[in-house]
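this is a predicted model, with the sequence first.
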Amino acid sequence: MNQSQYYHDRITMALDDLLRCRRYCEMMLKLPIGKAFTNERTIYESLFVSFVVSYGRVFTTSNTVDRSFKESVSNDFGQFRQTMIKKQDTVLEKFHKRIIEKRDTSIAHSDGKSRNYQHYGDSPLPCGSNPFYPYEHTEIEQAIKLVNNLISMVGDEQIRVGKVAFSKTIFSN
């Protein structure tokens, strides 16, 4: 395989992840958020975490099968990711940053600021915030809008690169 083919594979992985994101969000909209520690809430939070993790995968570096192509594919895809986000309106660009921050501080990692533990009266029992509190339905609708925009852009890039990277076409006229 060559660099263009590995880049095409990375775009395809992004498309797979974004399609999963959309599905998780669609499922969340069909459910009530539920009260804390109920089965409804556990399912909703699980879908939320799945959404954030899948979304975050699109915006992180991944390894290629042949490691010698990792840097070039990462650079090309990194530039493409930046372009995708810059093309979003300001509201969706800020929302993207919130999703990535949620992923980086509380979903994929455990940063102290995500829980902000406070100790009162020198007590060892901390009080903190719940970093896993999922987005409300209105925010999930916004997530679907963002993800749909990205799916369209990734699909266009996949077609563009596929025409260059491969000699055989999937569909003929």
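Done, it's in. Numbers count the residues shown, from 1 in each chain.

check which helix or strand covers Arg160.
Assigned by DSSP states H and E, Arg160 falls within helix 137-165.

now do the helices in this structure.
3-29, 39-58, 70-86, 90-102, 112-115, 137-165 (DSSP state H).

pull the residues that contact the third one.
What that stands for is helix 70-86. Residues from elsewhere that reach helix 70-86, judged by CB atoms under 8 Å, 6 or more residues apart in numbering: 3, 6-7, 10-11, 14, 58-59, 61-64, 93, 96, 149-150, 153-154, 157. Every residue, glycine included, has its C-beta placed from N, CA and C.

any weak-confidence spans in this structure?
The chain contains residues with pLDDT under 70 at 171-173.

most distant residue from the middle of it?
No residue in the chain sits farther from the centre than Gly121, which is 40.2 Å out by CA atoms, centre = their mean.

next one: phi and psi at that one?
phi 60, psi 30 (degrees, to the nearest 10).

separation between Phe132 and Tyr6?
35 Å (CB to CB, to the nearest Å).

list the buried ones in stretch 154-164?
The neighbour-count check on stretch 154-164 (16 or more other CB atoms under 10 Å) flags Val154, Glu157, Gln158, Val161, Gly162 as buried.

my error: substitute stretch 23-38 in the last question.
Tyr24, Cys25, Met28, Ile33.

again, but for stretch 68-82
Going by neighbour count (16+ other CB under 10 Å), the buried part of stretch 68-82 is Phe69, Lys70, Val73, Ser74, Asp76, Phe77, Phe80, Arg81.

out of those, who's nearest Phe51?
Arg81 (17.8 Å; CB to CB).

and the residue most central in space within the chain, what does it touch?
For the chain, the residue nearest the mean C-alpha position is Tyr55 (0.9 Å; CA atoms, centre = their mean). Going by CB under 8 Å, 6+ apart, Tyr55 touches Asp17, Leu18, Cys21, Ile99, Ile100, Arg103, Ala143, Val147.

go again using 6 Å as the cut-off
Tyr55 makes contact with Cys21, Ile99, according to CB atoms under 6 Å, 6 or more residues apart in numbering.

related to what we said a few turns ago, pick out the most distant pair among the buried residues of stretch 154-164.
Checking these with CB to CB, the most distant pair is Val154 and Gly162, at 12.0 Å.

picking that back up, I'd like the buried residues of stretch 154-164 laid out as CSV, including distance to Ile107.
Below are the buried residues of stretch 154-164 laid out as CSV (distance: CB to CB, whole Å):
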residue, distance to Ile107
Val154, 22
Glu157, 26
Gln158, 27
Val161, 30
Gly162, 32
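
surely Thr64 touches His8?
No - judged on CB atoms under 6 Å, Thr64 makes no contact with His8 at a distance of 11.1 Å.
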